[in-house]
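J.: Sequence below, structure please.
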Amino acid sequence: MSVATEFHPDVWVPARARPERDATVLPFRTRQAGGDPAPLGGAAPAGSRSRTGEVSFRLTRRGYAVVGLLAATLVAGLLWLAHASVPASPRAPDVGAVTVRDGDTLWSIASRIAPQRDPRLVVAELEDVNHLSSPTVAPGQILRTR
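T.: Okay, here's the model as predicted:
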């Protein structure tokens, strides 16, 4: 039998490095805030209470990733909500008939009654609805738009 197993070593541990009553002693070195390894046995688990009663939390890389993902999701949701709550752009009133004014053309009438649409399509519709054989119109002429 060896002499080393008969006697336990007598080691002095400073008071601040001694584990708390409910603390778990970790068998490996943990990293402190400055990047230096903490002393063995003195690190309390994350979320444990210190002697002053305050709770200390440490985030790992995965924790930072999760917090960042939650923040990005929250921002994206708020942006979507803001975009969805904007009222639609006001549309031109649906006009059933238009009186041709002096200097009007089918193109200007099409641009006036349907500014969001392609004027070429609206001109073709006006010619079809009003049975026009040419794109010329006269002042005072009434054109149906539907």
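J.: low-scoring stretches of the protein, by residue?
T.: 1-9, 19, 21-53, 55, 89-95 (pLDDT under 70).
J.: Where do the strands of this protein begin and end?
T.: Applying DSSP state E to the chain gives strands spanning 97-99, 142-144.
J.: quick one: contacts for the closest residue to V122 other than its chain neighbours?
T.: Excluding its sequence neighbours, the residue lying closest to V122 (CB to CB, 6 or more residues apart in numbering) is A110, at 3.6 Å. (Each C-beta comes from the backbone N, C-alpha and C, glycine too.) Neighbour list for A110: R117, P119, V122, V123, L126 [criterion: CB atoms under 8 Å, 6 or more residues apart in numbering].
J.: These into TSV, with extra columns for distance to E54 and neighbour count?
T.: What follows is these, written out as TSV (distance: CB to CB, whole Å; neighbours: other CB atoms under 10 Å):
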residue	distance to E54	neighbour count
R117	65	12
P119	70	17
V122	71	20
V123	75	18
L126	77	22
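J.: is it possible to export those residues to JSON lines including distance to V86?
T.: JSON lines is the format used below for those (distance: CB to CB, whole Å):
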{"residue": "R117", "distance to V86": "22"}
{"residue": "P119", "distance to V86": "27"}
{"residue": "V122", "distance to V86": "27"}
{"residue": "V123", "distance to V86": "32"}
{"residue": "L126", "distance to V86": "32"}
